[in-house]
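Engineer: Compute the structure for the input listed below.
(2 chains)
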Amino acid sequence: MGTPIIRFSHATFGFPGVIALKDITLEIAEGEFVGIIGPNGSGKTTLCKAVLGLMRPLEGSLQIFDCSCEELRCHHRARIGYLPQKGRLDQNFPITVLEAVMMGRYGALGLFRRPAKQDREIALQALANVGMQDHHDTALGHLSSGQQQRVLIARALAQQPQVLLLDEPTTGIDITTQHSVLDLVRRLHRDLGLTVLLVTHDINMIRPQVDRMVLLKTRLFAAGAPEAVLKLDILQQVYGKDLVITEKDLIIVEDYHHR
Amino acid sequence: MLEMLSYDFMQRSLWAAALVGAICSMIGVFVVLRGLAFVGAGTAHAAFAGVTLAYLVGLPPLPLAILFGLATVWVTGVMEEKGQMKLDVSIGILYTATMALAILFIGLMKGYNAEVYGYLFGSVLSVTPEELRTIWILGFIVLCIMVVFSKELYFIAFDQEMAEASGVPARQIFFLLLSLIALTVVVSLKTVGAILVFAMILIPASTAYQLTHSLSHMTAYSVVIGVVCAVGGVTLSYAWNLPSGPAIVLLATTLFFLSALFSPKRLKRAAAL
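Structural biologist: Presented below is the predicted three-dimensional model:
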């Protein structure tokens, strides 16, 4: 395993009156591909915000790139490429694909610097990495959901990040496109050596892709190799007794209608 | 028509209109995209309250207009940030409160002051050389700041949370945008008036929005439309003896409805169906 670049140490995160993630101790090593799973309200998005430096721990500590949360500066955040949960994009926003991807360069450029020809080339290369180079002049709102996800991944890649943080990247897209997005992420992890944190509800789809799974339920319930985390007794404690694992190792909810 | 250019007051009016048209339309792009339409309206009334207080106590109007404008946008920004209140609600409250203050200050004045009403309804044709100089200086500062920080302003308009996550100081840029709105309103008060400056911020950018899918093109079109409407409105007011502020805004409104009717976006959608 590589050098740890993200270290949670007995860290608790929350909002006034609500604890979203309690006493979490976790290290993410450089070059890992980690899947983050858990039911709704388990703290997955809170974990993302914490890694991005958008939430400070109420207790404990969080170190990102050897910096504490309080010391995290804009240039640290620029090293984390982030794909937010789908649904926030304004489909009518007047922006072309290339303009959207170029925004990934702004944090890295810093204030007072204008994007140069080199930045445009980095953005075009990022588009090529996701197979969208032919659409650079297309309006973002005109693309399909899957294509938009690719463009937003390209935007994150344009930052030339060390870490790629994806929050439910397959939500709201068809199953074929889900597989192609995950295959893309896997290829980027392999070819570019990125550390990838992928938050998802789809345990079956993510299992073969990741090096390690992290299971949350407002605390760190389990972390380790997928086969160690995805055990029936562990999953039933988190998701409930209706969860079953089939003969072909598929994790599903038992169908009430066919009892 | 060309004879109007021989008059000093018309030359100043056209320059003031062009500058205000350019600044309002450029800041308008970020206002429209970020959804801050009513911030412009509320700030205009706050700035007008500053002007009326200045006339009441015998001070120059500009500093108090800037103070009231900036205070209003900053309070609005803090309230939205803390999640205590939606932006449109807090602006609505501040809008009415500052307008009430303005009416109070006017009521306390001894006698009728035509200059005050010039700031309410606009009087571009009476812009003095000193006022034109002030518009140039403030306008130049606002334009320079917008150009320097344009990439950050576009990013927070697109997705402020993503901007912050990407390493852009999004919160500070948001407050910078609010401050630029306030300064733009103050620069434009004498030309278009507090009642209509909101329209000059909103309409050219909204017109440009109808015409393109590109951010950079939208900005360029907005500035061209803003300048054309401002200069065109002043020219029409000279030619047809109309009040200048309403002439500018009504010309802009006409262009907006034409653009909405013949929008390439709308026509493409209709063709696809």
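Engineer: Mind listing residues that contact stretch B:60-76?
Structural biologist: B:39, B:42-43, B:46-51, B:53-55, B:87, B:90-91, B:94, B:98, B:119, B:134, B:175, B:178-179, B:181-183, B:185-186, B:189 (C-beta atoms under 8 Å, 6 or more residues apart in numbering or on different chains). From N, CA and C alone the C-beta is placed, and that goes for glycine too.
Engineer: In it, which residues are buried?
Structural biologist: By neighbour count on 16 or more other C-beta atoms under 10 Å in any protein chain shown, the buried set for stretch B:60-76 is B:61-62, B:64-73, B:75-76.
Engineer: Leaving out the residues flanking it, which one is nearest to whatever residue of the stretch 51-200 of chain B ends up closest to chain A?
Structural biologist: Residue of the stretch 51-200 of chain B nearest chain A, by C-beta to the nearest C-beta: residue B:167 (2.8 Å). Nearest residue to residue B:167 in three dimensions, chain neighbours excluded: residue A:107, at 2.8 Å (C-beta to C-beta, 6 or more residues apart in numbering or on different chains).
Engineer: Test for you: state the pLDDT assigned to that neighbour.
Structural biologist: pLDDT for residue A:107: 86.
Engineer: can you check residue A:133 too?
Structural biologist: Reported pLDDT at residue A:133 in the predicted model: 93.
Engineer: was I right about it contacting residue A:123?
Structural biologist: No: contact criterion C-beta atoms under 8 Å: residue A:133 and residue A:123 do not qualify, at 10.1 Å.
Engineer: the more surrounded of these two?
Structural biologist: Just comparing residue A:133 and residue A:123: by other C-beta atoms under 10 Å in any protein chain shown the higher neighbour count belongs to residue A:123, 25 against 15.
Engineer: Is it correct that residue B:142 is in contact with residue B:186?
Structural biologist: No: applying C-beta under 8 Å as the test, residue B:142 and residue B:186 come out as separate, 9.5 Å apart.
Engineer: Compare the two (neighbour count), which wins?
Structural biologist: More crowded of residue B:142 and residue B:186, by other C-beta under 10 Å: residue B:186, with 32 against 24.
Engineer: And the more buried one, which helix or strand is it part of?
Structural biologist: Taking DSSP states H and E as the criterion, residue B:186 maps to helix B:170-192.
Engineer: For the buried residues of stretch B:60-76, give me TSV that also has distance to residue B:264.
Structural biologist: Output for those, formatted as TSV (distance: C-beta to C-beta, whole Å):
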residue	distance to residue B:264
B:61	43
B:62	41
B:64	45
B:65	39
B:66	39
B:67	43
B:68	41
B:69	36
B:70	38
B:71	41
B:72	37
B:73	34
B:75	40
B:76	35
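Engineer: Tell me who's in contact with the residue nearest to residue B:259 when sequence neighbours are not counted.
Structural biologist: In space, and not counting its chain neighbours, residue B:259 is closest to residue B:210: 4.1 Å by C-beta to C-beta, 6+ apart. Contacts for residue B:210 (C-beta under 8 Å, 6+ apart) come out as B:256, B:259-260, B:263-266.
Engineer: from these, which is closest to chain A?
Structural biologist: The closest of the contacts of residue B:210 to chain A turns out to be residue B:265 (C-beta to the nearest C-beta; 8.6 Å).
Engineer: pLDDT below threshold where in chain A?
Structural biologist: For chain A, applying pLDDT under 70 flags the ranges A:1, A:69-75, A:87-88, A:241, A:247-249, A:253-259.
Engineer: What's the local residue count around the closest residue to chain B within the stretch 101-250 of chain A?
Structural biologist: In the stretch 101-250 of chain A, the residue found nearest to chain B is residue A:107; the distance is 2.8 Å by C-beta to the nearest C-beta. Residues lying near residue A:107 (other C-beta under 10 Å) number 29.
Engineer: ok, and the closest non-adjacent residue to the residue most central in space within chain A?
Structural biologist: Nearest to the mean C-alpha position of chain A, by C-alpha atoms, centre = their mean, lies residue A:166 at 1.9 Å. Leaving aside its sequence neighbours, residue A:166 sits nearest to residue A:83 (C-beta to C-beta, 6+ apart; 4.4 Å).
Engineer: thought residue B:25 was touching residue B:223?
Structural biologist: Yes: applying C-beta under 8 Å as the test, residue B:25 and residue B:223 come out as touching, 5.1 Å apart.
Engineer: Of those two, give the one with the bigger neighbour count.
Structural biologist: More crowded of residue B:25 and residue B:223, by other C-beta under 10 Å: residue B:25, with 30 against 22.
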